[in-house]
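**Q** Sharing a model that was predicted from the sequence below.
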Amino acid sequence: MQLTANVAPALELRHARKAFGHVVALDDISLSVMRGEVTVIVGDNGAGKSTMMKVLSGVYPLDSGELLIDGTATVLASPARARERGIAAVFQNLALVECLDVAENMYLGRQIRKFGVFANRKAMIEGAADTLTELKVRLPSVRVPVGVLSGGQRQGVAIARAVQQDTPIVLLDEPTAALGYRETQQVVTIIRQLRDAGKAVVLVSHDLPMVFEVADAIQVMRLGRVQGVRRRENADRNEIIGLITGAIGSDRKVA
Amino acid sequence: MATFDKAQGDAQDESGVAVSRSSTDAGSWVVRVVTSPQFMVVVVMLLFVGYGATQSGQFVSGLTWINILRNAVFIAIVASFTTFVFVSGGLDLSVGSLFAVGAMASAALAAAGVPTWAAVLLGSFAGAGAGLANGLLINYASIPPFITTLGMLYAARSLVVYFTGGEPIAPVPDDFAAIAQGNFLGLPLLLYYAAAVVIIAQILLQTTVFGGTVRAIGGNREAASNAGINVRRISTIVYILSGLSAAFAGVLMSSRLGSGQPSVGVSFELQVISAVIIGGTSLFGGIGTVWGSLLGSLVLSILTTGLILLRIAPVLQDFVIGVIIVVAVGIDQLRRRRMFRSTGVR
């Protein structure tokens, strides 16, 4: 419809609002995520980062405002709908089922079928092992229950699941929260691979050094509002911290 | 647990190597059998039967065992699908009453001249309908399973008594009675029905996409929902299957008795739940097998018959069953705590 359609952001929020009772978690939020870029959301606890990720992944509906995919306004009524529209998400609580094995978790909600009704165990085991090996996630086996894995290994499975879906948009909520230095570097590598593959990546993280390693754009949130958006090359660590803590005023007040 | 330590060891050994596709050769099958939740139950029952055989010759007679199996049939059929309810993280207390619904509906229809096949189908569907009501109330009106199915337990039983005036329905046509009274190759037809139900249920739970989603919603409802699984629909289907299997077992009971008895299946739900729990299915969802529940049904039946043969006061049977249930759940909790890193309760 519009001439600029081919450069429309892959994922966009306009004047998004979400409240839980009297608590306004997202207040007039905007977000613009480009293809082949990593947009990092930073902010203190209660800034609305996780709520925003849940809105983007179809878990929460918006009270008002718009969500656009490739420039088209869309309503994501459910996580299944979000996935259909090309959004894969890694949630902060990981969203894995402990009593199912790694392969079953990798294909949760999208099992490979055999004769229409049967689960194709073999194909899922092969597919899970291939993806995990490719991403250098180290596990005892894809046939152990996720419940026996360490926090880092679970992160690996959750990220691998999102990567494997090969969707144009990938959401990662605190993917390095439980990881040591080496595993964090591995995640950084994976995120760069996703970006280089032309995907739009939204990342929530508290880990500022890592943020500066992978970000193309940094969006600071505070108390449910957007405090400021910076390109990485123009961003300065102290300024970002100032925006997070509120020591530096919001762009919107200045404007 | 041996398998767990082994998995840990492999994690270190395999640094940098491809992710294993095997089951970490999680011990040989011997280890898996010995550490399975059903192993202790089997050992205890073998000891019990072995001891019984030294006390009473009837313990080793073929007729006794056919009776034991025949008594286990009704529990096993219902327990197969109650397993689904537990694995999906739910609870169904109404199966005893839905058993009576199936028994009375089919007997009334058959006695009124409806063809046998139609009486069987319609009797079973009555239970499925009640199961649908359970599923809708639990998943779409968010009434807890305990409350919903407790309500159904009372309501369904009440309607059965109301519509039959509390009187038995007899006689039923010979065609109808023949379903459960006949033999094939020297074994009661009932055994074949139960075997078919158990095998179908086992295949459904362990190898199908549907079974996988049932285990997923019971293991972590939120994660399943976030992964795009329609949790409410799957859970509702599980309650429908539970009601269907309960009513079908009731139909078989009316056929076997040759009459519809309105008081049939009172407190039957407790036996079914006991069988499922003894079989190693977790109350907390996600974990369980149909063949474990079959084993639990056999345990209850063997105990009931065996304690009579040993001339132990029948009132003590329930004591034994009570102890076994508590021990079984204790083992389940212990297993979860040792197996998974988070606490056992979920």
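**A** Now that the structure is in, tell me what you want to look at. Numbers count the residues shown, from 1 in each chain, chains lettered A, B, ... in the order given.
**Q** okay, CA-based contacts and neighbour counts for the rest of this
**A** Noted.
**Q** Output the below-cut-off pLDDT ranges for the chain.
**A** Picking chain A for this. Low-confidence segments of chain A, defined by pLDDT under 70, span residues A:1-6, A:94, A:252-255.
**Q** To clarify, I was referring to chain B.
**A** B:1-18, B:20-28, B:32, B:34-35, B:37, B:336, B:338-346.
**Q** Would you check how far apart the residue nearest the centre of it and residue B:258 are?
**A** A centroid search over chain B (CA atoms, centre = their mean) returns residue B:79, at 1.1 Å, as the residue closest to the centre. Spatial separation of residue B:79 from residue B:258 under the definition CA to CA, to the nearest Å is 24 Å.
**Q** Please apply the same query to residue B:172.
**A** Residue B:172 sits 6 Å away from residue B:258 when distances are taken as CA to CA.
**Q** show me where the stretch 101-250 of chain A has helices.
**A** With DSSP state H, counting those that start in this stretch, the ranges of helices along the stretch 101-250 of chain A come out as A:102-106, A:121-134, A:151-164, A:181-196, A:208-214, A:237-245.
**Q** who does the third one touch, helix- and strand-wise?
**A** Pointing back at helix A:151-164 there. Counting contacts by 3 or more CA pairs under 8 Å, 6 or more residues apart in numbering or on different chains; DSSP states H and E, the secondary-structure elements packed against helix A:151-164 are strand A:87-90, helix A:102-106, helix A:121-134, strand A:169-173.
**Q** would you list these in JSON lines and tack on mean neighbour count?
**A** As requested, these are arranged in JSON lines below (neighbours: other CA atoms under 10 Å in any protein chain shown):
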{"stretch": "strand A:87-90", "mean neighbour count": "28"}
{"stretch": "helix A:102-106", "mean neighbour count": "28"}
{"stretch": "helix A:121-134", "mean neighbour count": "19"}
{"stretch": "strand A:169-173", "mean neighbour count": "25"}
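**Q** Need the residues that contact stretch A:216-228.
**A** A:24-30, A:37-44, A:46-49, A:229-233, A:240, A:243-246, A:249-252 (CA atoms under 8 Å, 6 or more residues apart in numbering or on different chains).
**Q** Show the contacting residues for the residue lying closest to residue B:135 once chain neighbours are set aside.
**A** The spatial neighbour of residue B:135 that comes closest, neighbours along the chain excluded (CA to CA, 6 or more residues apart in numbering or on different chains), is residue B:236 at 4.0 Å. The contact partners of residue B:236, taken as CA under 8 Å, 6+ apart, are B:131, B:132, B:134, B:135, B:136, B:138, B:139.
**Q** Taking the residues you listed, tell me the two that lie furthest apart.
**A** The most widely separated members of the contacts of residue B:236, counting by CA to CA, are B:131 and B:139 (12.0 Å).
**Q** The two - which one has more neighbours?
**A** For residue B:131 against residue B:139, the residue with the higher neighbour count under other CA atoms under 10 Å in any protein chain shown is residue B:131, and the figures read 30 against 17.
**Q** Please name whichever of the helices and strands packed on helix A:151-164 is nearest to chain B.
**A** With CA to the nearest CA as the measure, helix A:121-134 is the member of those nearest chain B (5.3 Å).
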